[in-house]
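Q: pasting the sequence and the predicted coordinates here, then a few questions.
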There are 2 protein chains.
Amino acid sequence: MLTRAQVDDARTFARSALADAGVHIRDDEAATLEVSDFGLGELEKTGLQLLVYVNTDRVCAKELVLMPGQTCPEHMHVGEGSEPGKEETFRCRRGEVWLYVEGDPTPSPRATPYRPEHCTVWHEIVLHPGDQHTIFPGTRHWFQAGPEGAVVTEFSTRSTDERDVFTDPDIRRITVVSES
Amino acid sequence: MLTRAQVDDARTFARSALADAGVHIRDDEAATLEVSDFGLGELEKTGLQLLVYVNTDRVCAKELVLMPGQTCPEHMHVGEGSEPGKEETFRCRRGEVWLYVEGDPTPSPRATPYRPEHCTVWHEIVLHPGDQHTIFPGTRHWFQAGPEGAVVTEFSTRSTDERDVFTDPDIRRITVVSES
C-alpha cells in the first residue's frame, strides 16, 4: 500500500524527469500519472511511474519513469483467445536502463535485483538515450534504472496489465493507495 | 523528384527540430531520416520528414517533422483482408499543428492549403505541445504545421504507406531522389 504523500512525491519526481527529458505533458496528465509499487510496499526499489498517452484496442503508448535504481520486476505478456499477447518496444529517452531478457546470461550484470530469487533471465541489454529494444509476447523480461533514473517511451499493442504474468508470486499490479 | 541537396537540407532541418523538441536520435537514425515530397516536387509546401522508430506486424511509432507551413496532404488508411487499416494517434511535441478531419467544417480555418481542390475535410483540431488526437481507419485527414514548423509523434498500428489512399490523384508516396 502506498500513502498519498508517496504518490505525490513520485508524481513530482516523474514530472521533473519528463521535463528534463524534453517531454511536454499537460497539467491534467501530470495530475493523473500512475504510480505502482507492484504491491510490495517498497516503491523506491520496486516500482514504476507511468503516463499512458493512449491505450485503444490496438495501440498503446506510454512514458515510463524510473527513480535511480528503481526496478520493474520480471514478467511476461501472454495472449488470450485469438489475441497473441502484448508486444512492446522500449526506447530510452534519458538516463540509462539495464534491461534483462531471455538468452545467454551476461557475466557481471550491472543491475542489483532486490529480490534475486524472482529474476530468472539475465541477458543484459544496456539502453542509453536513443537506444531501443522490442519485446515479443511470452518472453520474460525485467529492468532497472541506472544511478540517474530513467525515462523510457513504450510503443506497444493494447496494454492489458491485469494479464501480465509476474515471476514473483507476491506481486499485485493494481496499486492500493492509503487515503489516511 | 528530390535532389540529393534537398534531402540533405530537409534532414538537417529535421535533426535540428528534433533536438529542439528534446528528442534524442542516434547518428545512424539521423543519416536515414525519410524525406517525402509525395511526388509533387514542392517539398517545402507538401512534404514530410519522418523517423520510423519501429514498424512490426502490429506496432509502429514515428516522429514526424514539418517545416513551417509544410503540409501532409489529405489521405486515409484502408484495410486489406482481415486487417482493418491503420489507426494512428498524433501527439504534438513542438510547434503547432492544424489537423483537419471529418466533421463540421471549421469557419475561418488556420491552414492555407496549396492544393485546396484536394482538401475535402475541414473540421479543425489545433494541436499544441502535449495535445494529441487519434485517427481511426477509413477516415480522411490532412495537416499543416504552423509558422514555427512542428514535431509530432505518431503511435499506430503497422504502417503500410503503399496502401494509403490520397485524395489528390497526382500524389505518389514513394519519393524518388535524383542522384545528379
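A: Thanks, I have the structure now.
Q: quick one: mean pLDDT over the strand ranked longest in chain A.
A: Using DSSP state E to assign secondary structure, the strand with the most residues in chain A is strand A:141-156. Regarding strand A:141-156, the rounded mean pLDDT is 98.
Q: ok, stretch A:20-27 next?
A: Rounded mean pLDDT across stretch A:20-27 is 96.
Q: hang on, the earlier thing: packing partners of the longest strand of chain A?
A: Using 3 or more C-beta pairs under 8 Å, 6 or more residues apart in numbering or on different chains; DSSP states H and E as the contact criterion, the neighbours of strand A:141-156 among helices and strands are helix A:4-20, strand A:60-66, strand A:71-76, strand A:88-101, strand B:60-66. C-betas here are computed from N, CA, C, even on glycine.
Q: neighbours of A:D27, how many?
A: The number of residues packed around A:D27, counting by other C-beta atoms under 10 Å in any protein chain shown, is 9.
Q: got the residues of chain A near chain B?
A: Among all residues of chain A, those adjacent to chain B (criterion: C-beta under 8 Å from any C-beta of the partner chain) are A:21-26, A:29, A:53-54, A:56, A:58-61, A:87-89, A:91, A:93-94, A:129-132, A:134, A:153, A:155-157.
Q: pLDDT weak spots in chain A?
A: Judged against pLDDT under 70, the low-scoring parts of chain A cover residues A:179-180.
Q: what do you get if the cut-off is 90, keeping everything else the same?
A: Scanning chain A for pLDDT under 90 picks out A:1, A:32, A:82-83, A:160-163, A:172-180.
Q: and the residue of it that's closest to chain B?
A: Nearest to chain B, among the residues of chain A, is A:G22, at 1.3 Å (C-beta to the nearest C-beta).
Q: A:V78 versus the residue nearest to that residue when sequence neighbours are not counted, what's the distance?
A: In space, and not counting its chain neighbours, A:G22 is closest to B:G22: 1.3 Å by C-beta to C-beta, 6 or more residues apart in numbering or on different chains. With the distance defined as C-beta to C-beta, to the nearest Å, B:G22 ends up 35 Å from A:V78.
Q: same check on A:L127?
A: Using C-beta to C-beta, one obtains 24 Å as the distance from A:L127 to A:V78.
Q: looking at the two, which is more packed in?
A: Taking A:L127 and A:V78 together and counting by other C-beta under 10 Å, A:L127 has the greater number of neighbours (21 against 15).
Q: now do the contacts for the residue lying closest to A:N55 once chain neighbours are set aside.
A: Using C-beta to C-beta, 6+ apart and skipping residues adjacent in sequence, the residue nearest A:N55 is A:S159, 5.1 Å away. Going by C-beta atoms under 8 Å, 6 or more residues apart in numbering or on different chains, A:S159 touches A:V52, A:N55, A:C60, A:K62, A:K86.
Q: which among those residues count as buried?
A: Listed as buried from the contacts of A:S159 are A:N55, A:C60, A:K62, A:K86; burial here means 16 or more other C-beta atoms under 10 Å in any protein chain shown.
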